[in-house]
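>>> What shape does this take:
(one chain, ligands or ions: 2)
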Amino acid sequence: MKLFGPFRQVVTLANLPLRGKLSDAQLEIIVDGGILIQNGKILQTGNFETLKTENQNIEIENIEGDQIVLPAFVDSHTHICFGGNRANDFAMRNAGKTYLEIAESGGGIWSSVQHTRKASEDELLKTLLERIDFLISLGITTIEVKSGYGLDVENELKMLRIIKKAQEHTKATLVPTCLSAHLKPRDFEGTNEEYLNYILTEILPKVKEENLAKRVDIFIEKSAFQPVESKEFLLKTKDLGFEITVHADQFTPGSSRIAVEVGAKSADHLEATIDEDIEFLANSNTVATALPGASLGLGEKFTPARKLLDAGAIVAIASDWNPGSAPMGNLITQASILATFEKLTTAEVLSGMTFRSAFALGLEDRGILKEGLKADFVTFKTDNFQNVLYSQGSLKAENVFIDGEKIQ
Ligand code: NIG
Ligand code: FE
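Ligands and ions are numbered 1, 2, ... in the order given. Okay, the predicted model is just below:
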């Protein structure tokens, strides 16, 4: 048994509902608190001195200076396994070029596919681990990682095997997702429907056989896959035993409805979601995931997180870190900015990056500092937890703990 503390504030996020709006008055904040850990799990939170006197034979890890502690963050949507870089897309976009012009001059998702296919496995593993380390440095200890820059059997499996390999090198939890349905690759001879069928018959059985991912994602959008073919595809992936998540309503509305209809764990993006579909999402268990990094990268509007929360949806916030639309990767900065524009409370933002995003990944064992849950937590050198979002990411995480073990 180990006791961590004393912390100026322990923000447990305990006793908060999974869905809907939250006020900061609902936050449980333990002043001069401690966290008692056993076998990588939280045993108890409470006043540090009380925990110390009530428990004999405990090891104490003294926390120096003024620090606050939060549950570690969960980034439930990333594309951080990729080769190359799309700085030129960014510059062209800002110079007024359209999506089509950028794609025609060699940019867009297809350019990342070519770079990722060309990259060696060592190179991809190395850069993936560097990005994971960056996320850990922010206090993120659970990270979803998508394929989707391979787009054929060989290269999708290469990506997923690298993500699996990366798990051997990091204590963070990686959650792999198969996004072979990101785009029909230019070198595939056939229709969208034929490509989706190729994923179902050639890629997913192998993903299953090698246990490379339990989740499938699709990009439903005018420029990618269409609603009817996507829905059919998703129902078939479900029959194969996969969980579903969807890139939905990024530029045009309609696909979040499909995500709900097929029982997806989450519908992500939602920048273009219409009011009627906000209601639909709010009445479902499909998590509505805001990706402010993509709004910032593309100069598009933000996901209507305020409306979604007010309607009672389960709202998560994730980074979408990818070389095209969301190159920043700093979830804390992005979530702080989303809070400013969407008028989100601190409780809503912190919940969106912890137990609500964990729920989107089917991980209900983390994201709250309470008995029995995974002892992943992050400390900041400050006397007030509000400074974490207020500083918009410039207040760096001090220490990061995974299973009660200090890794930073
Ligand atoms: O989530 N929208 C589709 N996929 C990514 C972008 C991927 C890319 O541009 O490389 C996204 O924004
Ligand atoms: Fe994405």
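
>>> Skip the chain neighbours and tell me the closest residue to residue 61.
Closest residue to residue 61 apart from its sequence neighbours, by CB to CB, 6 or more residues apart in numbering: residue 4 at 4.9 Å. From N, CA and C alone the C-beta is placed, and that goes for glycine too.

>>> Kindly report the same for residue 232.
residue 196 (7.8 Å).

>>> Then the one you found would be within a helix, right?
Yes. Residue 196 forms part of a helix when assessed by DSSP: H, G, I helix; E, B strand; the rest coil.

>>> Roughly how far does it sit from residue 183?
12 Å (CB to CB, to the nearest Å).

>>> go on, residue 308?
Remark: distance between residue 308 and residue 183 (CB to CB) = 27 Å.

>>> Between these two, point out the one with more neighbours.
Neighbour comparison, residue 308 and residue 183: the larger count goes to residue 308, with 25 against 22 (by other CB atoms under 10 Å).

>>> thinking again about what came up before, okay, and the residue nearest to residue 61 sits in which element?
In this assignment (DSSP states H and E), residue 4 forms part of strand 2-11.

>>> who touches the residue nearest to residue 61 in this structure?
Listed by CB atoms under 8 Å, 6 or more residues apart in numbering, the contact set of residue 4 reads 34-37, 61, 63, 69, 401, 404.

>>> try residue 233
Contacts of residue 233 by CB under 8 Å, 6+ apart are 181, 196, 199-200, 218, 225.

>>> 7 Å instead, please
When the contact criterion is CB atoms under 7 Å, 6 or more residues apart in numbering, the partners of residue 233 are 181, 196, 200, 218.

>>> thought the first one was touching residue 221?
Just to be clear, that refers to residue 181. No. If you go by CB atoms under 7 Å, residue 181 and residue 221 don't touch, sitting 11.1 Å apart.

>>> what about these two, which has more around it?
Between residue 181 and residue 221, counting by other CB under 10 Å, residue 181 is the more crowded of the two (28 against 21).

>>> Residue 183 versus the spatially closest residue to that one that is not a sequence neighbour, what's the distance?
Once flanking residues are discounted, residue 181 sits nearest to residue 218: 3.9 Å by CB to CB, 6+ apart. Noted for residue 218: a distance of 10 Å to residue 183, by CB to CB.

>>> Could you do residue 136 as well?
Distance check for residue 136 against residue 183: by CB to CB, it reads 30 Å.

>>> ok, for the closest residue to ligand 1 within the stretch 201-350 of the chain, nearest residue in space, not its chain neighbours?
In the stretch 201-350 of the chain, the residue that lies nearest ligand 1 is residue 324 (2.3 Å; CB to the nearest ligand atom). Spatial nearest neighbour of residue 324, excluding adjacent residues (CB to CB, 6+ apart): residue 86 at 5.0 Å.

>>> chain center to the lengthiest helix in the chain: distance?
The longest helix of the chain (DSSP state H) is helix 121-137. Its chain's C-alpha centre lies 16 Å from the corresponding centre of helix 121-137 when counted by CA atoms, centre = their mean, to the nearest Å.

>>> Quick check: phi and psi on the closest residue to residue 279 other than its chain neighbours?
Using CB to CB, 6+ apart and skipping the chain neighbours, the partner closest in space to residue 279 is residue 311 (5.8 Å). Taking degrees, to the nearest 10, you get phi -80, psi -10 for the backbone angles of residue 311.

>>> didn't residue 311 look like it was pressed against residue 280?
No. Counting by CB under 7 Å, residue 311 stays clear of residue 280, with 9.4 Å between them.

>>> so what sits against both of those two?
With CB under 7 Å, 6+ apart, residue 311 and residue 280 have no common neighbours.

>>> Strands of the stretch 1-150 of the chain, start to end?
2-11, 29-38, 41-47, 59-62, 68-71, 73-75, 140-146 (DSSP state E, counting those that start in this stretch).

>>> buried stuff in the lowest-mean-pLDDT helix or strand in the chain?
Lowest mean confidence among the helices and strands of the chain (mean pLDDT, DSSP states H and E): helix 99-104, at a mean of 87. Residues 102-103 are the ones in helix 99-104 that count as buried (16 or more other CB atoms under 10 Å).

>>> same deal with stretch 132-139?
Neighbour-count burial for stretch 132-139, counted by 16+ other CB under 10 Å, picks out 132, 135-136, 138-139.

>>> ok, and what's touching it?
By CB under 7 Å, 6+ apart, the residues outside stretch 132-139 that reach it are 72-73, 75, 143, 166, 170, 172, 329-332, 378, 397, 400, 407-408.

>>> quick one: average confidence on it?
Mean pLDDT, computed over stretch 132-139, is 98.

>>> before we move on, the earlier item: please tell me how far the least confident helix or strand of the chain is from the chain's geometric centre.
28 Å.

>>> Return the alpha-carbon coordinates of that helix using PDB.
Provided in PDB are the C-alpha atoms of helix 99-104 (Å, rounded to 0.1, in the frame of the first residue of the first chain):
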ATOM      1  CA  TYR A  99      -9.400  20.900 -50.700                       C
ATOM      2  CA  LEU A 100      -9.500  19.700 -54.300                       C
ATOM      3  CA  GLU A 101      -6.600  21.900 -55.400                       C
ATOM      4  CA  ILE A 102      -4.500  20.700 -52.400                       C
ATOM      5  CA  ALA A 103      -5.300  17.000 -53.300                       C
ATOM      6  CA  GLU A 104      -4.500  17.600 -56.900                       C
END
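
>>> what packs against it?
Contacts defined by 3 or more CB pairs under 7 Å, 6 or more residues apart in numbering; DSSP states H and E place helix 99-104 against helix 87-94.

>>> Quickly check: the helix it packs on near ligand 1 or not.
No. Under the criterion of CB under 6 Å from any ligand atom, helix 87-94 makes no contact with ligand 1; the nearest approach is 7.8 Å.

>>> Please compute how far that helix lies from its chain's middle.
On the basis of CA atoms, centre = their mean, helix 87-94 sits 25 Å off its chain's mean C-alpha point.

>>> Stretch 270-290 now?
On the basis of CA atoms, centre = their mean, stretch 270-290 sits 17 Å off its chain's mean C-alpha point.

>>> Check which residues of that stretch are buried.
Within stretch 270-290, the residues that count as buried by 16+ other CB under 10 Å are 270-273, 277-278, 280-282, 284, 286-290.

>>> Next, count neighbours for residue 227.
Considering only other CB under 10 Å, residue 227 is surrounded by 14 other residues.
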